[in-house]
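In: the sequence and its predicted three-dimensional model are supplied below.
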Amino acid sequence: MKQDQAILKILRYNPEMDERSHYEDYEIPFTSGMTILDALIYVYENFDSSLAFVYGCRYAFCGSCAVRVNGESTLICRERAVREMKIEPLANFPVVRDLVVDRTSHDERVKNIRPFLERISPPTGEPEVMKPVEFEGFRIVSRCIGCLGCASSCPSPSEDVYGFSGPASFVELARYFLDPRDEGDRVTTAYSEGLYNCLRCGKCEEVCPYEIPIPDLVIGKMREEAVGKEITPPALNEAVQVIASTGKVLSTLKEDSLLEKLSSVAPTPNAVAKVGFFVGCYVDRNFNLHDEGRAAVQILERNKINVVVPRDQICCGKPLLEVGEKEKVKELVRQNVRIFEEAGVEEVIAICPGCSLTLKKEYPVIFEALEGRKPYFRAYDLTEYLLEKMKLHTGAMKPLSLKITYHDPCHLRRYQKISHEPREIIRSLPGIELMEMEEPDRCCGGGGVVKLLNPDLAQAVGRRKARMIAELGVDLVVTPCPVCVIQISQALRRNKVKGVKTVHLTELINMAYDSR
């Protein structure tokens, strides 16, 4: 390819001529600042006038020009062209021709949610007084231009189109749910449209051209109101009661708790720093994940970090926040903050992205509302701590001679913006060949309480991840999330992908240390 040229690999399909879709390549002049729409128009005008694609306003207002470019849904009228582009129609919709999809299924789902203002009694007399603050959420969701990029990227309707109507439909529903004038029962509608089949992976917000926080503002707020109205699945109620009564997600015998074993860890000689280790429910209570927790402590100790593991720490509260149980989280926050502050640590490390996210984002807000101040400690995910606060010593490591692929946990990549740090750590380990899978950040299916409430959907989402991994021929799948380790391990086993093991990043690092 010449320096001033760009290659477009376009997925073509003409139902009158083609049995199946196929890719065609086009080489066009590349100029700085050109949009992908400019590139497609050039192909249309100079190579093939039968190429079908849609555009309208050219200012990212009409939402008609969304397609997938290099695997990501985007508006081609505002996205800058790059030198190599694979351009495909939106996923999760029938293709009419080339890059044009049939949006009828979405339109029909929107009709089901009653997309109009509902009033029990119409206003009379003087105009209603509406304060701007009451419309804050409504204004945010009203940014939606209906491009359906979120619906194309969502892993849930990809596997079960009837179980979850998709983020675009829920944003439309939220226009009325968040409108203070509306008096309709929007939460019951949301429940019937699959409110609890959302994985809350955050992909919808990531691809949204107007950055609408769908997982929190739409799904999260609706789940909170569903809790208040007691419109929740029975299995969810049981899980909430377990956490509220035990402080743990999983019930198990005390002697099987990793916390009981780690809390007696001896101080590290000649330590250069001191940290608290937030173990997390899954690592604490699931015997299969104990090695992850032990490895984290050993890695820190090898690098002269004194690790304190308070025995009385409990669930971070993330599962309760996921389902809308905000009130029940407060006591968990209060107790955990007290425990780690009494331990005298200024930094707390977690190896579960759900835990580290909650400690970073939710604890300062909730604890300040309770006590009038923020916690005295700062939370880190282990991956960022190893790079930002200390330099991982790799000199004593021996080559592992392993081919691995890396899976991005949703709570780490999208909610904490941590993606290059784990890869940098992996590449620093001797004898490791890192092979990227097709969609390393695609949700594995383990999040959003879907695994508990709809295991069939969780398995279906995991199946696609298993197929991506199987194509690579690697020895290991590495991810810094215990929930993802469980989900991907089960997906590989169910889909008969043999010879591939899933491990936490801490285990991989420890393998390099122990190989000498």
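Out: It's in. Numbering: from 1, shown residues only.
In: mind giving me the domain ranges of this protein?
Out: According to automatic domain parsing, the chain comprises the domains 5-100, 104-120+130-228, 247-388, 402-514.
In: show me where pLDDT drops low in the stretch 251-400 of the chain?
Out: 251-255, 264 (pLDDT under 70).
In: all helices for it, in order.
Out: Taking DSSP state H, counting those that start in this stretch to define them, one finds helices in the stretch 251-400 of the chain at 258-262, 281-285, 290-302, 318-323, 326-342, 353-357, 363-371, 382-388.
In: can you tell me which of those helices is most buried?
Out: Of all the helices of the stretch 251-400 of the chain, helix 353-357 has the most neighbours on average by mean count of other C-beta atoms under 10 Å, namely a mean of 28. For glycine as for every other residue, the C-beta is placed from the backbone atoms N, C-alpha and C.
In: quote the end-to-end distance of stretch 11-22.
Out: The stretch stretch 11-22 measures 6 Å between its terminal residues, going by C-alpha to C-alpha, to the nearest Å.
In: now that stretch: buried residues?
Out: Using 16 or more other C-beta atoms under 10 Å as the test for burial, stretch 11-22 gives 11-13.
In: again with stretch 261-276
Out: For stretch 261-276, a neighbour-count test (16+ other C-beta under 10 Å) marks 262-263, 265, 268, 273-276 as buried.
In: those residues: which two are farthest apart?
Out: Pairwise distances among these were taken by C-beta to C-beta; the largest, 19.4 Å, belongs to 263 and 273.
In: got phi/psi on the residue of the chain most remote from its centre?
Out: Of all residues in the chain, residue 125 has its C-alpha farthest from the mean position, at 47.8 Å, by C-alpha atoms, centre = their mean. Taking degrees, to the nearest 10, you get phi 70, psi -130 for the backbone angles of residue 125.
In: tell me the pLDDT at it?
Out: If you check residue 125, the pLDDT there is 75.
In: with residue 37 instead?
Out: Predicted confidence (pLDDT) for residue 37: 98.
In: what about it, how many neighbours?
Out: 19 (other C-beta atoms under 10 Å).
In: just residue 458 next, same as before
Out: As a burial measure, residue 458 scores 27 neighbours (other C-beta under 10 Å).
In: look up how far residue 451 lies from it.
Out: In this view, residue 458 and residue 451 are 4 Å apart by C-beta to C-beta, to the nearest Å.
In: which residues are in contact with each of the two?
Out: 445, 487 (C-beta atoms under 8 Å, 6 or more residues apart in numbering).
In: among the buried residues of stretch 261-276, which one lies nearest to residue 68?
Out: Among these, residue 275 lies closest to residue 68 (C-beta to C-beta), at 41.9 Å.
In: got a list of what the closest one touches?
Out: 300, 305-308, 345, 347-349, 385.
In: again with residue 265
Out: 297, 307-309.
In: rerun that using 10 Å as the cut-off
Out: 277, 294, 297-298, 301, 306-309 (C-beta atoms under 10 Å, 6 or more residues apart in numbering).
In: same deal with residue 164?
Out: Contacts for residue 164 were tallied using C-beta under 10 Å, 6+ apart; they are 154-158, 170, 193-199, 450, 454, 457.
In: 8 Å instead?
Out: By C-beta under 8 Å, 6+ apart, the contact set of residue 164 is 154, 156-157, 193-194, 197-198, 457.
In: now residue 10
Out: Going by C-beta under 8 Å, 6+ apart, residue 10 touches 23-26, 40, 43, 51, 87-88, 98-99.
In: closest one to residue 240 among the domains of the chain?
Out: Comparison of the domains of the chain against residue 240 by C-beta to C-beta identifies domain 247-388 as nearest, at 5.6 Å.
In: how long is that closest one from one end to the other?
Out: Start-to-end, domain 247-388 (C-alpha to C-alpha) is 31 Å.
In: start at 243 instead
Out: Renumbered: residue one is now 243, and that last one reads domain 489-630.
In: how far does it sit from its chain's centre?
Out: Centre-to-centre, domain 489-630 and its host chain are 21 Å apart (C-alpha atoms, centre = their mean, to the nearest Å).
In: now swap in stretch 434-446 and tell me
Out: Centroid displacement of stretch 434-446 relative to its chain, using C-alpha atoms, centre = their mean, is 11 Å.
In: over to stretch 366-374?
Out: How far stretch 366-374 lies from its chain's middle: 40 Å, per C-alpha atoms, centre = their mean.
In: could you list the buried residues of it?
Out: Within stretch 366-374, no residue counts as buried by 16+ other C-beta under 10 Å.
In: name the residues that touch it?
Out: For stretch 366-374, contacts defined as C-beta under 8 Å, 6+ apart pick out 422-423.
In: which parts of the stretch 343-492 of the chain are strands?
Out: Using DSSP state E, counting those that start in this stretch, the stretch 343-492 of the chain contains no strands.
In: which residue ranges form the helices in it?
Out: Using DSSP H, counting those that start in this stretch, helices in the stretch 343-492 of the chain cover 346-354, 378-383, 391-395, 397-401, 409-419, 428-434, 445-449, 463-470, 476-488.
In: a markdown table for the ones you listed, including mean neighbour count, mean pLDDT and distance to residue 660?
Out: Shown next, in a markdown table, are these (neighbours: other C-beta atoms under 10 Å; pLDDT from 0 to 100; distance: least, C-beta to C-beta, whole Å):
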| stretch | mean neighbour count | mean pLDDT | distance to residue 660 |
| --- | --- | --- | --- |
| helix 346-354 | 15 | 94 | 33 |
| helix 378-383 | 16 | 97 | 25 |
| helix 391-395 | 27 | 97 | 20 |
| helix 397-401 | 24 | 91 | 20 |
| helix 409-419 | 25 | 97 | 23 |
| helix 428-434 | 19 | 96 | 31 |
| helix 445-449 | 24 | 97 | 14 |
| helix 463-470 | 20 | 96 | 25 |
| helix 476-488 | 15 | 86 | 26 |
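In: pull the CA atoms of stretch 528-536 into CSV?
Out: The C-alpha atoms that make up stretch 528-536 are tabulated as CSV, following Å, rounded to 0.1, in the frame of the first residue of the first chain:
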residue,chain,number,x,y,z
ASN,A,528,-14.2,-20.2,45.9
PHE,A,529,-11.5,-22.8,46.5
ASN,A,530,-10.6,-22.9,42.9
LEU,A,531,-9.6,-19.2,43.0
HIS,A,532,-7.5,-19.4,46.2
ASP,A,533,-4.3,-19.6,44.2
GLU,A,534,-5.1,-16.2,42.6
GLY,A,535,-5.2,-14.6,46.1
ARG,A,536,-2.1,-16.3,47.3
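In: ok, how many other residues are close to residue 616?
Out: Other residues within reach of residue 616, judged by other C-beta under 10 Å, total 13.
In: no wait, residue 332
Out: 20.
In: what's the pLDDT at it?
Out: Looking at residue 332, its pLDDT reads 98.
In: excluding chain neighbours, give the residue nearest to it in space.
Out: Closest residue to residue 332 apart from its sequence neighbours, by C-beta to C-beta, 6 or more residues apart in numbering: residue 394 at 3.8 Å.
In: hmm, residue 315 and that neighbour touching each other?
Out: Yes: counting by C-beta atoms under 8 Å, residue 394 touches residue 315, with 4.6 Å between them.
In: just the contacts of residue 517 now: which is nearest residue 429?
Out: Proximity of those to residue 429 (C-beta to C-beta) peaks at residue 590, which lies at 35.6 Å.
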